[in-house]
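let me see the structure of the following:
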Amino acid sequence: MLEQHREESLKYPIQTVPAPEGFPRPKYFAPPKGKPGTEAILQAAEAAGIVDEFDGVPLSQKLKRMRRLKINTVLACCADEDPYISGAAAVLRENPDAVISGLLLAARACGAKENKIVVETKREAKEIRRKNPNAELIVSGTRYPARALLKRKLQAAGKKTAYVGAQACIALAQALDDGKMQSETVITVAGDAVETPSNLRVRIGVPLQTLFDFCGVSDRARAVYIGSSIAGKMVTDLSTPVTADTRCVIATLRVPKRKVYSCVGCGRCSRACPRGIVPWRILREVGLEKPDPLRMLNAQKCIRCASCSLVCPSGIDLAGAVSKAAAIRKSGDFD
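Next comes the predicted model:
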């Protein structure tokens, strides 16, 4: 059923939602002239206020960090991997040339010699190559969390990689070409309370209610989540504004009930983790009166994918336990 929601939202072109009356118009700045170098690209990314839709990090900061780490392969992330979200794939289908253009600029800014576009399936790769035969693509697969697993595979092959969101790539190209500041984002609106699951292009800052009015959401909707179907958070106020990293809004007819049982020590969580964390051991440690930080191995490496919680047969919030352990290790407060 989840895959049907994704296919439905990807079946149609991205629709543009009109901004509310009186909403500020997009802003522009003077772009650099000629072929931009590293500093010009970084300055344009900062001036345009570009934020990566996958992690909410300002693109200028991300590119500077990638340069310090000497990343040699930049990946444009067009693989959504979430069973509801299809916004990144829709953006790539709509304008692969713009994604490629921004990706090349990102690679130049951080000094990377190689760049590729990440798609989930061979079928999707075929669709993109039909529109642009020269697109450099790599298939991530559909096993969650696909992006982390692909990165681990590439690092094992000696490639230092980093992801940049498809929309961040396009925003970077627009900033250098036209001096346009980032003012819009593409969001997947789905869930069993949504009449027409869609990918919507909306202005950053508009309230969630604007999306619901456009898509048609049942009055019987009982829960609304933003972020993702796996690691998103529930919201109750539909005046909450859309941000650059609001990738998905899900409306459901009922609130999911989660039954929690004691840990059975099956080890599924450790096998699911792409970062080598053993969540069940960390859960046991943080439950102690005086947890030992040395027993919370790799907690700080958590990427918040929540794979451990997903596969737990006991319904335990293992991702929350790991997050707590990471906070303890970072703070140094072990008493």
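
residue 208 is in contact with residue 238, correct?
Yes. Between residue 238 and residue 208 there is a contact under C-beta atoms under 8 Å: 4.7 Å. To be clear about C-beta, it is placed using only N, CA and C from the backbone, and glycine gets the same treatment.

hey, what's in contact with both of those two?
Residues touching both residue 238 and residue 208 by C-beta atoms under 8 Å, 6 or more residues apart in numbering: residue 224.

in terms of neighbours, single out the busier of the two.
residue 208 (23 against 17; other C-beta atoms under 10 Å).

from residue 215, how far off is that one?
11 Å (C-beta to C-beta, to the nearest Å).

same check on residue 55?
For residue 55, the distance to residue 215 equals 26 Å [C-beta to C-beta].

between the two, which one's more packed in?
residue 215 (22 against 14).

surely that one is in contact with residue 193?
No. The criterion here is C-beta under 8 Å, and residue 215 misses it with residue 193 at 9.9 Å.

may I see the buried residues of stretch 154-172?
Neighbour-count burial for stretch 154-172 flags 154, 159, 161-172 (criterion: 16 or more other C-beta atoms under 10 Å).

then stretch 226-243?
226-232, 238, 242.

equivalent analysis for stretch 177-188, please.
Buried residues in stretch 177-188 (16+ other C-beta under 10 Å): 179-188.

so which of those residues belong to strands?
184-188 (DSSP state E).

the residues you listed: which two are farthest apart?
184 and 188 (14.6 Å; C-beta to C-beta).

one step back: I'd like the buried residues of stretch 226-243 as JSON lines, with secondary structure and pLDDT appended.
Formatted as JSON lines, those follow (DSSP: H, G, I helix; E, B strand; the rest coil; pLDDT from 0 to 100):
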{"residue": "226", "secondary structure": "strand", "pLDDT": "93"}
{"residue": "227", "secondary structure": "coil", "pLDDT": "85"}
{"residue": "228", "secondary structure": "coil", "pLDDT": "82"}
{"residue": "229", "secondary structure": "coil", "pLDDT": "79"}
{"residue": "230", "secondary structure": "coil", "pLDDT": "81"}
{"residue": "231", "secondary structure": "coil", "pLDDT": "80"}
{"residue": "232", "secondary structure": "coil", "pLDDT": "83"}
{"residue": "238", "secondary structure": "coil", "pLDDT": "92"}
{"residue": "242", "secondary structure": "coil", "pLDDT": "96"}
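
the residues you listed into TSV, with extra columns for distance to residue 280?
TSV is the format used below for the buried residues of stretch 226-243 (distance: C-beta to C-beta, whole Å):
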residue	distance to residue 280
226	29
227	25
228	23
229	24
230	19
231	19
232	24
238	38
242	37
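
which one of those residues is nearest residue 102?
residue 242 (21.1 Å).
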